[in-house]
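Enquirer: Below are the sequence and a predicted model; questions follow.
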2 protein chains.
Amino acid sequence: MATLEFWFDFASTYSYPAAVQIEERAAEREVDVAWRAFLLGPIFAEQGWADSPFNLYPAKGRYMWRDMQRLCRARSIPFQKPGSFPRSGLLAARLACSFEGEAWLPDFVRAVYRANFAEDLDISEPAVIQRCLGCGDAEFESMLAKAQAADNKMRLRDQTSRAMQLGIFGAPTFVVGEELFWGNERLEQALARAADQ
Amino acid sequence: MATLEFWFDFASTYSYPAAVQIEERAAEREVDVAWRAFLLGPIFAEQGWADSPFNLYPAKGRYMWRDMQRLCRARSIPFQKPGSFPRSGLLAARLACSFEGEAWLPDFVRAVYRANFAEDLDISEPAVIQRCLGCGDAEFESMLAKAQAADNKMRLRDQTSRAMQLGIFGAPTFVVGEELFWGNERLEQALARAADQ
């Protein structure tokens, strides 16, 4: 089966509609999706940005919020501009990295995006993340332990380095073989490419 | 008739496919196109950029050139990566501003983009621009005089200020009423919006 890698960052606004739509669109084309959580922060830092470009460049930021509002409305995706941006997706990314192949992962990823961009909740808070996982305290503690273990912290760092090596500079990015497709609007084009291979 | 403003900069790569396709697409939806040349340089300078972001951020630049190649090939638009980037579009923009409403303007704009991004010619050279206009020496001299007169230089500066006031931060940008649509990929969405009004 053809495969597309979906590279996402939990603080990335445009990754949210991509995460919501990707499975249905990929299934239509019989393309398998590999979910790849990574951190944009270190990549932005390499470019000399200590904050999101949407904060550093206000005109770009204003446009993005209006665009997200239009785009989510057109696709019936719940959205409200969060009270704080960007929120740290580190904990969620460690969990997504640790449980990368699990069948429940896409639902968790979407729940985190909804928490951040529809419910205005602080996704850096463990309690919010536990709600997104929908599990009890004991199970959550054991998942947290696995996600925050040294080897898994390193795994997320390696994944972020791999993103950089692939030439990824923003999210979402769809990767098919050596081809990158940057931005939510490129999902169809990326899927067409994957289906072609 | 519904109207869409097409804001373009002659050094902007993604404005090239937009300029090639916009008239046919707009005609299908019965939308009138107002061509608005402006300069991204002063807008980038306000953001602290002394060069194109595609040069300042190499990963972004590499992606853009590959993406342009794919995108132009898919739409049968001739393209080759120019030997120098960005080239100054000042002279072409002054002409486009001076002759904004002329029926021949879209053909001229496309000829300049082709010179820059398909023929690798230096569009800051008057001889290249004359070829794009397809006129004789005497006519060219008189057009140049009009385009480089103080009032027209001011007109282009005012147009660039208006772009900034509208919140434009990149090109191409399509403007419908108060709504901005940034990027070549948003042409259809912008036209749909214009047709709806």
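Expert: Nice, I can see it. Numbering: from 1, shown residues only, chains lettered A, B, ... in the order given.

Enquirer: Does chain B have contacts with the helix or strand harbouring residue A:3?
Expert: Per DSSP states H and E: residue A:3 is located in strand A:2-8. No: judged by C-beta under 8 Å from any C-beta of the partner chain, strand A:2-8 stays clear of chain B, getting no closer than 12.9 Å. C-beta: built from backbone N, CA, C; applies to glycine.

Enquirer: mind checking how far the following helix or strand past that strand is from the chain centre?
Expert: Sequence order places helix A:15-28 as the next helix or strand after strand A:2-8, per DSSP H and E. On the basis of C-alpha atoms, centre = their mean, to the nearest Å, helix A:15-28 sits 12 Å off its chain's mean C-alpha point.

Enquirer: circling back to that earlier point, quick check: which helices or strands does the strand holding residue A:3 pack against?
Expert: In terms of contacts (3 or more C-beta pairs under 8 Å, 6 or more residues apart in numbering or on different chains; DSSP states H and E), strand A:2-8 is packed against helix A:15-28, strand A:31-37, strand A:173-176, helix A:187-196.

Enquirer: let's go with 6 Å and repeat that
Expert: The helices and strands touching strand A:2-8, judged by 3 or more C-beta pairs under 6 Å, 6 or more residues apart in numbering or on different chains; DSSP states H and E, are strand A:31-37, strand A:173-176, helix A:187-196.

Enquirer: in the helix or strand following the second one, what's buried?
Expert: By that I understand strand A:173-176. Next helix or strand after strand A:173-176 toward the C-terminus (DSSP H and E): strand A:179-182. Buried residues in strand A:179-182, counted by 16 or more other C-beta atoms under 10 Å in any protein chain shown: A:180-182.

Enquirer: same check, this time on stretch A:152-163
Expert: Result for stretch A:152-163 [16+ other C-beta under 10 Å]: buried residues A:152, A:155-156, A:159-160, A:163.

Enquirer: And stretch A:134-149, by the same measure?
Expert: Result for stretch A:134-149 [16+ other C-beta under 10 Å]: buried residues A:140, A:143-144, A:147.

Enquirer: Check those against residue A:108 and report the nearest one.
Expert: residue A:143 (10.2 Å; C-beta to C-beta).

Enquirer: Would you check how far apart the closest one and chain B are?
Expert: Separation of residue A:143 from chain B (C-beta to the nearest C-beta, to the nearest Å): 33 Å.

Enquirer: swap in residue A:172?
Expert: 13 Å.

Enquirer: So that residue sits against residue A:9, correct?
Expert: No: applying C-beta atoms under 6 Å, one finds residue A:172 not in contact with residue A:9, separated by 8.2 Å.

Enquirer: quick revisit: list of residues touching the strand holding residue A:3?
Expert: A:15, A:22, A:31-36, A:38, A:163, A:168, A:171-176, A:190, A:194-195, A:197 (C-beta atoms under 6 Å, 6 or more residues apart in numbering or on different chains).

Enquirer: just the angle between that strand and strand A:31-37, please?
Expert: Relative orientation of strand A:2-8 versus strand A:31-37 (axes from the mean of the first three to the mean of the last three C-alpha atoms, to 10 degrees): 30 degrees.

Enquirer: Can you tell me the strand partners of strand A:2-8 and which way each runs?
Expert: Within its sheet, and counting by DSSP bridges, strand A:2-8 is paired with strand A:31-37 (parallel), strand A:173-176 (antiparallel).

Enquirer: Figure out how far that strand is from the centre of its chain.
Expert: With C-alpha atoms, centre = their mean, you get 11 Å for strand A:2-8.

Enquirer: and if you look at stretch A:144-161?
Expert: 16 Å.

Enquirer: avg pLDDT for that stretch?
Expert: Throughout stretch A:144-161, pLDDT has a mean value of 98.

Enquirer: export that stretch as CSV, just CAs?
Expert: Below are the C-alpha coordinates for stretch A:144-161, written out as CSV (Å, rounded to 0.1, in the frame of the first residue of the first chain):
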residue,chain,number,x,y,z
LEU,A,144,3.5,9.4,31.0
ALA,A,145,6.5,7.4,32.4
LYS,A,146,7.1,5.8,29.1
ALA,A,147,6.7,9.1,27.2
GLN,A,148,9.0,11.0,29.5
ALA,A,149,11.7,8.3,29.8
ALA,A,150,15.2,9.3,28.5
ASP,A,151,15.0,7.0,25.4
ASN,A,152,11.7,8.4,24.3
LYS,A,153,12.8,12.0,24.8
MET,A,154,15.7,11.2,22.5
ARG,A,155,13.4,9.6,20.0
LEU,A,156,11.5,12.8,19.7
ARG,A,157,14.7,14.8,19.3
ASP,A,158,15.8,12.3,16.6
GLN,A,159,12.5,12.7,14.9
THR,A,160,12.9,16.4,14.9
SER,A,161,16.4,16.1,13.5
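
Enquirer: What mean pLDDT does the host helix or strand of residue A:94 get?
Expert: Element membership for residue A:94, per DSSP H and E: helix A:90-98. What helix A:90-98 shows for mean pLDDT is 98.

Enquirer: after it comes which helix or strand?
Expert: Next along from helix A:90-98, by DSSP H and E: helix A:105-117.

Enquirer: what's downstream of that next one, the next helix or strand?
Expert: Past helix A:105-117, the next helix or strand by DSSP H and E is helix A:126-133.

Enquirer: quick one: that next one to chain centroid distance?
Expert: 16 Å.

Enquirer: do the same with stretch A:29-37
Expert: Using C-alpha atoms, centre = their mean, the offset of stretch A:29-37 from its chain centre is 13 Å.

Enquirer: Output the set of residues of chain A in proximity to chain B.
Expert: Applying C-beta under 6 Å from any C-beta of the partner chain, one finds that chain A approaches chain B through A:47, A:57, A:59-60, A:62-63, A:167, A:169, A:180, A:185.

Enquirer: Checking the residue of chain A positioned farthest from its centre next. Helix, strand or coil?
Expert: Centroid-distance maximum for chain A: residue A:138 at 26.2 Å, with C-alpha atoms, centre = their mean. Following DSSP: H, G, I helix; E, B strand; the rest coil, residue A:138 is assigned to helix.

Enquirer: residues near the nearest residue to residue A:196 once chain neighbours are set aside, how many?
Expert: Using C-beta to C-beta, 6 or more residues apart in numbering or on different chains and skipping residues adjacent in sequence, the residue nearest residue A:196 is residue A:2, 8.0 Å away. By other C-beta atoms under 10 Å in any protein chain shown, 16 other residues sit near residue A:2.

Enquirer: Right, I'll leave it there.
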